[in-house]
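K.L.:
coordinates for the following, if possible.
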Amino acid sequence: QGVLVPGLGTFAVVHEQIKSTEEVYVVRRPVFQLNMDMSCLQELVFPTVMIPGDIEIMPLDYWWLSQTNSLPPNMVRGCVEETILLYSFQLRTRQRPAFTFENIGILSCQDNVLCMQFHCSCIAQLESRDIWVALLLT
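P.N.:
Okay, here's the model as predicted:
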């Protein structure tokens, strides 16, 4: 299942099959597919990530988020929308802040490359058997 963050992109977990000389590994790893207004990314490079069509994409659940921090859902929605607008404005004006997703990773821009770096703990939570293979792939 994936989660669409409107104006920013989609987070999902994909299954990937890796063949070694001795064994075939199937690992779960997180991916992020950027979906921002391209006008703010003119001189930026970002990896093209395609989420397979068989993965169900759900909209961000503002009600669930509101339960984790005791704020009303409409306030959470407003905060998310304003934060994404601020981030895209900063990219447009050539500022390069890091965008941190708690317990997930960091969307950062280094040397004009915008990429999502997932925390090792996030990857380890998804993949318990072949953690090192998943870490290497991500």
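
K.L.:
so which helix or strand takes in Pro52?
P.N.:
Under DSSP states H and E, no helix or strand contains Pro52.

K.L.:
quick one: the strands in this structure?
P.N.:
Secondary structure of the chain (DSSP state E): strands located at 2-5, 9-19, 24-34, 57-59, 99-101, 105-110, 113-118.

K.L.:
for the fourth one, give me every contacting residue.
P.N.:
Right, the one you point to is strand 57-59. For strand 57-59, contacts defined as Cβ atoms under 8 Å, 6 or more residues apart in numbering pick out Gln1, Gly2, Val3, Leu4, Pro6, Thr10, Ala12, Ile51. The C-beta positions use only the backbone N, C-alpha and C, and glycine is treated the same way.

K.L.:
partners of it in the sheet?
P.N.:
The strands beside strand 57-59 in its sheet (DSSP bridges) come out as strand 2-5 (parallel).

K.L.:
what's the local residue count around Arg28?
P.N.:
Neighbourhood size, Arg28 [other Cβ atoms under 10 Å]: 16.

K.L.:
could you do the one 4 residues further on as well?
P.N.:
Under the neighbour criterion other Cβ under 10 Å, Phe32 is assigned a count of 24.

K.L.:
Throw the contacts of strand 57-59 into TSV and include distance to His119 and pLDDT, thanks.
P.N.:
Putting the contacts of strand 57-59 into TSV (distance: Cβ to Cβ, whole Å; pLDDT from 0 to 100) gives the following:
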residue	distance to His119	pLDDT
Gln1	19	82
Gly2	18	92
Val3	16	94
Leu4	21	94
Pro6	23	91
Thr10	18	94
Ala12	16	94
Ile51	20	91
